[in-house]
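Visitor: Quick one, fold the following:
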Amino acid sequence: VVTLSLLMYPVLRSLALQLHSAVTGSYISGTHSIAFINCLNEQIAKDIARAIMDKKLAAYVNILPKSLALYFWKGELEESTEILLLVKTRTSKIGELSNYVRSIHPFEIPEIISLPIDQGNPLYLKWMEESVPRD
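Guide: Residues are numbered from 1 along each chain as shown. Below is the predicted model:
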């Protein structure tokens, strides 16, 4: 019984939070996330952003202008310019998004990092909820 309870806790907690959100209309912190994805140039960034949107893995993608990047790669300090994607999506889609981007990204190890959204404009968060299909 204890083992079953421990295994069921995440599912039951999620259902309770969804019910609370539906009844009160409040946002559940962490339901959505922003993923950061680096790209070599603007064309690659546009292609990856469009592919993400075509797969309905995000509600919105910002393509930020060129920035300077410093990093260690294979023991050497490297310097390059990169374009950054800010991908707004459901937290539950981060795994699928990450797998998909790795399959199409030209970098050997692309940067794909996400942070949960704690709070925000309720109307925008609701729009995000409606824009990205559930699992």
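Visitor: Residue 41 contacts residue 83, correct?
Guide: Yes: using Cβ atoms under 8 Å, residue 41 is in contact with residue 83, at 6.3 Å. Backbone N, C-alpha and C define where each C-beta goes, glycine included.
Visitor: So for these two, which residue has more residues nearby?
Guide: Using other Cβ atoms under 10 Å as the criterion, residue 41 and residue 83 rank with residue 83 on top: 21 against 13.
Visitor: The more buried one and residue 66 touch, don't they?
Guide: Yes: here residue 83 reaches residue 66: they are 6.1 Å apart, a contact under Cβ under 8 Å.
Visitor: which ones are touching the residue sitting nearest the centre point of the chain?
Guide: Nearest to the mean C-alpha position of the chain, by Cα atoms, centre = their mean, lies residue 35 at 3.6 Å. Neighbouring residues of residue 35 by Cβ atoms under 8 Å, 6 or more residues apart in numbering: 58, 85, 86, 87, 89, 94, 97, 98, 112, 113, 114.
Visitor: so it is in which element?
Guide: Assigned by DSSP states H and E, residue 35 falls within strand 32-39.
Visitor: got the contact list for the helix or strand that that strand is followed by?
Guide: Helices and strands here follow DSSP H and E; after strand 32-39, the next one along the chain is helix 42-54. Residues from elsewhere that reach helix 42-54, judged by Cβ under 8 Å, 6+ apart: 37, 39, 58, 61, 63, 66, 83-85, 87, 97, 100-101, 104-106.
Visitor: Noted, bye for now.
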